[in-house]
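Peer 1: Predicted model follows, preceded by the sequence.
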Amino acid sequence: MSETLVLLPGMMCDARLFAPQIADLSRDHVVTVAPITQGERVEEIASAILDGLPARFALAGLSMGGIVAMELLRRAPERITRIALMDTNPLAETPQTAAAYEPMIIGARAGRLDEVMRGFMRPDFLAPGPQRPIVLNKVFEMARDLGPEIMVRQVRALQRRRDQQAVLRKCKVPALVLCGAHDTLTPLKRHDFMAELMPSARLEVIADAGHLPTLEAPEAVTAALRAWLKQPYVLQ
């Protein structure tokens with residue numbers, strides 16, 4: 001049997017972010033979704049995840065899930081058989097951008113989680129079209145279910161995250177770098193950069209999607225993940 005596929009959702013998202021991929025890929029792969037909710041540092045979140053995962057596994061993360069995936073690759077490269085980084089960012093925050101997160105924490109603690117999420121996940125981060133409000137409402141629903149405490153922890157982790165460029169340069173396993181063409185939160189040029197850093201990376205651009213391609217263009221993302229899962233191993 002092929003290796004277990006571990007999926008890491010984005011900020012204030014859960015397994016529903018990957019519902020179409022789980023439904024398809026679980027027909028012939030063991031698929032699990034790990035929460036990125038345990039800790040106020042990316043390192044703490046990664047430690048909490050690693051304890052419950054198989055000895056070796058394929059890893060795919062979207063947005064903040066991709067940031068956590070890079071930390072897992074940093075600390076346990078021998079356990080990861082392949083990696084997919086989707087609509088994410090390998091760079092650390094600057095002091096200015098880290099400080100810009102503070103109103104989100106204040107708003108979440110003040111009981112304004114919906115307002116904070118609508119300010120953070122803007123419509124123009126997604127591809128235009130009738131699916132845009134449907135996808136946004138699904139994200140807001142996941143955020144409400146997770147609640148403000150998780151919002152605060154995840155924002156703190158993002159503020160403090162480390163630069164992972166050196167980790168990507170050392171990656172020798174089959175790698176997929178995937179981005180929605182309309183993603184203005186983590187734009188295509190950032191993914192070009194990531195793919196160039198990684199020796200075994202393939203860049204996949206999803207034409208009719210923005211920051212959340214797993215929900216915006218699920219069939220295209222599933223096809224890309226299937227192709228990545230079929231790639232032969234690269235000896236480390």
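Peer 2: Thanks, I have the structure now. Numbers count the residues shown, from 1 in each chain.

Peer 1: For the closest residue in space to Met70 that isn't next to it in sequence, list the residues it contacts.
Peer 2: In space, and not counting its chain neighbours, Met70 is closest to Gln164: 4.1 Å by Cβ to Cβ, 6 or more residues apart in numbering. Heads up, the C-betas are built off the backbone N, CA and C, glycines and all. The contact partners of Gln164, by Cβ atoms under 8 Å, 6 or more residues apart in numbering, come to 67, 70-71, 73-74, 90-91.

Peer 1: Any chance you could list what contacts whichever strand or helix holds Asp145?
Peer 2: Following DSSP states H and E, the helix or strand that holds Asp145 is helix 131-146. Applying Cβ under 8 Å, 6+ apart, the external contacts of helix 131-146 come out as 12-14, 16-17, 37, 113-114, 117-118, 121, 123, 126, 151, 212, 215-216.

Peer 1: residues of the lowest-mean-pLDDT helix or strand in the chain that come out buried?
Peer 2: Least confident helix or strand of the chain, by mean pLDDT, DSSP states H and E, is helix 95-99 with a mean of 92. Under the neighbour-count criterion of 16 or more other Cβ atoms under 10 Å, helix 95-99 has Ala98 buried.

Peer 1: what's the pLDDT at Leu235?
Peer 2: Predicted confidence (pLDDT) for Leu235: 50.

Peer 1: Stretch 80-98: end-to-end distance?
Peer 2: End-to-end span of stretch 80-98 (Cα to Cα, to the nearest Å): 29 Å.
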